[in-house]
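> Sharing a model that was predicted from the sequence below.
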Amino acid sequence: MITKTTLDNGVRVLSEAVSSVRSIAVGVWIDSGSRNDPERLAGISHFVEHTVFKGTAKRRMHQIASRMESVGGYMNAFTSKEHTCYFARALDSYLTRSVDTTCDLVASPVFPEREIEKEKGVVLEEIKMYEDTPDEYIADRFESVIYPAQPIGRPIIGYPKTVSRLKRDDLCEYVDRQYIPDQIVVAASGNLRHKSLLKSVEKAFQGLRPTGLRGPEKPEILPYKPVELSLTRPIQQGHLILGRRGITIHSKQRAVLEIINTILGGGSSSRLNQRIRERHGFCYSVYSFLNMYSDCGDFGVYVGLDASRIERSITLIFREFDRLAQTPVSNQVLNRAKGQARGGIALGLESMSNRMARLGKQELHFGRIASMDEIIAELESVTADEIQTFAAEFLHPEKFSRVMLVPSL
């Protein structure tokens, strides 16, 4: 029950009707994220996401904050490397209110000067919070190594220097350039009718005119060379990320790497968790991760442990990589990984927010919505031979960077 309509001004509207629930989730997606930020204004995408909540042409800040909460709903936003999303959850009877409120943030923010200066303080504190969180800090450093000297490798939130220099004119110019109809997707899931959604979106965006323009092209991805980076901080625990460039979200090998990621680091039964935590007792947290973007991606393993055990853990991680490359996985291991992936997809469908996010992301990345049967069939088609062949090439130690964060003396 997925329906798509493109408005005359170019805004795409997608809905998924789920009659078995009494709620709805609405998201306004912008095909622009932190990798679109100019270097001198790094963090502007995220800062705009914050400051649109400070007032619009229709509502003051406190009215925006209370509009959804007063009916038991919820509204928030996030910025990623490639997208920005404003979303709301509410009872199905408040579909119009949810659409009107989220669309208003995109269509008519006013960026009050006084609030901009105050919000800089908020974001600067947020930066400090991440700097004081070791696993967040090392993740940012890892991305700067994997994508050196390029926008996608910068922290989404930006830097104190770049955030501090943001002006109202910068925010207005950014919105004029990026929040244009061709880059906007409105996605909604829940107990709703597409016609009602469409009517509400058309009204909310009636002042948004087609520009005939496309948003700026994503900056080119520069070459990658493995490096080793060791950092110190006044912390108690050591942290390690072993990682490398990965594949794009459009890659034909996507399902293979997703299954490999599940086998290696997806949960308590994963090989890395069983070896490093359960067998050796080296750590509390260990997992693998996989990020896929429109034209690049990365893969890695994170582990938090005593600094004296980092080198030994690196050996154990590469040993598991070699095991995948040298020995075909058994049917039991393969079927368990596929079952875990299937279960994650099925459980995700219980959430209207997840369903809404699936619509928005797939429309922006692919221009179409893959059915659940199609996604599951892609995962089910992965064979042990494909895993071994891919692992032999992809998991070679020489292709991995090492980023370590250890306690200062």
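Okay, I see it.
> how does this protein divide into domains?
2-204, 228-407 (automatic domain parsing).
> and those domains, which is most packed in?
Of the domains of the chain, the one with the most neighbours on average (mean count of other C-beta atoms under 10 Å) is domain 2-204, at a mean of 19. (Each C-beta comes from the backbone N, C-alpha and C, glycine too.)
> Give me the nearest residue to residue 203, chain neighbours excluded.
residue 100 (7.5 Å; C-beta to C-beta, 6 or more residues apart in numbering).
> shouldn't the one you found be in contact with residue 204?
Yes: assessed by C-beta atoms under 8 Å, residue 100 is found in contact with residue 204 at 5.2 Å.
> In the stretch 201-350 of the chain, where is pLDDT below threshold?
212-216 (pLDDT under 70).
> What ranges does it have for its strands?
Shown for the stretch 201-350 of the chain, the strands assigned by DSSP state E, counting those that start in this stretch span residues 228-233, 238-245, 283-292, 297-305.
> so residue 364 is in which element?
Here residue 364, judged by DSSP states H and E, is contained in helix 352-366.
> any idea of the mean pLDDT for that helix?
The pLDDT scores in helix 352-366 average 97.
> what's that helix packed up against?
strand 12-17, strand 23-30, strand 84-91, strand 184-190, helix 331-348 (3 or more C-beta pairs under 8 Å, 6 or more residues apart in numbering; DSSP states H and E).
> right, and the helix or strand after it?
helix 372-380.
> from the middle of its chain, how far away would that next one be?
Centroid separation for helix 372-380 versus its chain: 22 Å, with C-alpha atoms, centre = their mean, to the nearest Å.
> hang on, the earlier thing: what would the strands of the stretch 201-350 of the chain look like in TSV with distance to residue 111?
Shown next, in TSV, are the strands of the stretch 201-350 of the chain (distance: least, C-beta to C-beta, whole Å):
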stretch	distance to residue 111
strand 228-233	36
strand 238-245	37
strand 283-292	31
strand 297-305	34
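> of the ones you listed, which approaches residue 270 most closely?
Proximity to residue 270 (C-beta to C-beta) singles out strand 283-292 among the strands of the stretch 201-350 of the chain, at 7.5 Å.
> so what strands line up beside the closest one?
strand 297-305 (antiparallel) (DSSP bridges).
> tilt between the partner strand and strand 238-245?
170 degrees (axes from the mean of the first three to the mean of the last three C-alpha atoms, to 10 degrees).
> Geometric centre of the protein: which residue is closest?
residue 80 (5.0 Å; C-alpha atoms, centre = their mean).
> returning to that earlier point: for the helix holding residue 364, the distance to its chain's centre please.
12 Å.
> Likewise for stretch 10-17?
The answer for stretch 10-17 is 21 Å, by C-alpha atoms, centre = their mean.
> now it: mean pLDDT?
pLDDT averaged over stretch 10-17 gives 97.
> cool, stretch 87-98 as well?
Per-residue scores along stretch 87-98 average to 97.
> Now do the end-to-end distance for that stretch.
Stretch 87-98 has an end-to-end distance of 8 Å (C-alpha to C-alpha, to the nearest Å).
> Run through who's touching that stretch.
Applying C-beta atoms under 8 Å, 6 or more residues apart in numbering, the contact partners of stretch 87-98 are 21-28, 67-68, 71-77, 101-102, 188, 190-192, 196-197, 200, 352-353, 356.
> Now do the helices in the stretch 1-150 of the chain.
For the stretch 1-150 of the chain, the helices defined by DSSP state H, counting those that start in this stretch cover 44-51, 61-69, 95-107, 113-131, 134-146.
> want to throw those helices into CSV with distance to residue 401?
Listed next are the helices of the stretch 1-150 of the chain as CSV, based on distance: least, C-beta to C-beta, whole Å:
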stretch, distance to residue 401
helix 44-51, 25
helix 61-69, 42
helix 95-107, 37
helix 113-131, 21
helix 134-146, 5
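> just so I know, which of those helices lies nearest residue 387?
The nearest among the helices of the stretch 1-150 of the chain, by C-beta to C-beta, is helix 134-146 at 23.2 Å.
> tell me the angle the closest one makes with strand 228-233.
Using the same axes, to 10 degrees, helix 134-146 lies at 150 degrees relative to strand 228-233.
> Run through the neighbouring helices and strands of helix 134-146.
helix 113-131, strand 228-233, strand 238-245, strand 297-305, strand 401-407.
> Recalculate using a threshold of 6 Å.
strand 238-245, strand 401-407 (3 or more C-beta pairs under 6 Å, 6 or more residues apart in numbering; DSSP states H and E).
> That helix: what's the following helix or strand?
Following helix 134-146 toward the C-terminus (DSSP H and E): helix 160-164.
> Nearest spatial neighbour of residue 265, chain-adjacent residues omitted?
residue 288 is the one closest to residue 265 (C-beta to C-beta, 6+ apart), at 2.8 Å.
> OK, contacts around the one you found?
261, 264, 265, 301 (C-beta atoms under 6 Å, 6 or more residues apart in numbering).
> Take those residues and keep only those in helices.
261, 264, 265 (DSSP state H).
> Among those, which one lies nearest to residue 51?
Nearest to residue 51 among the ones in helices among the contacts of residue 288, with distances taken as C-beta to C-beta, is residue 261, at 35.9 Å.
> For residue 125, find the nearest of the strands of the stretch 201-350 of the chain.
Nearest of those (C-beta to C-beta): strand 228-233, 18.5 Å.
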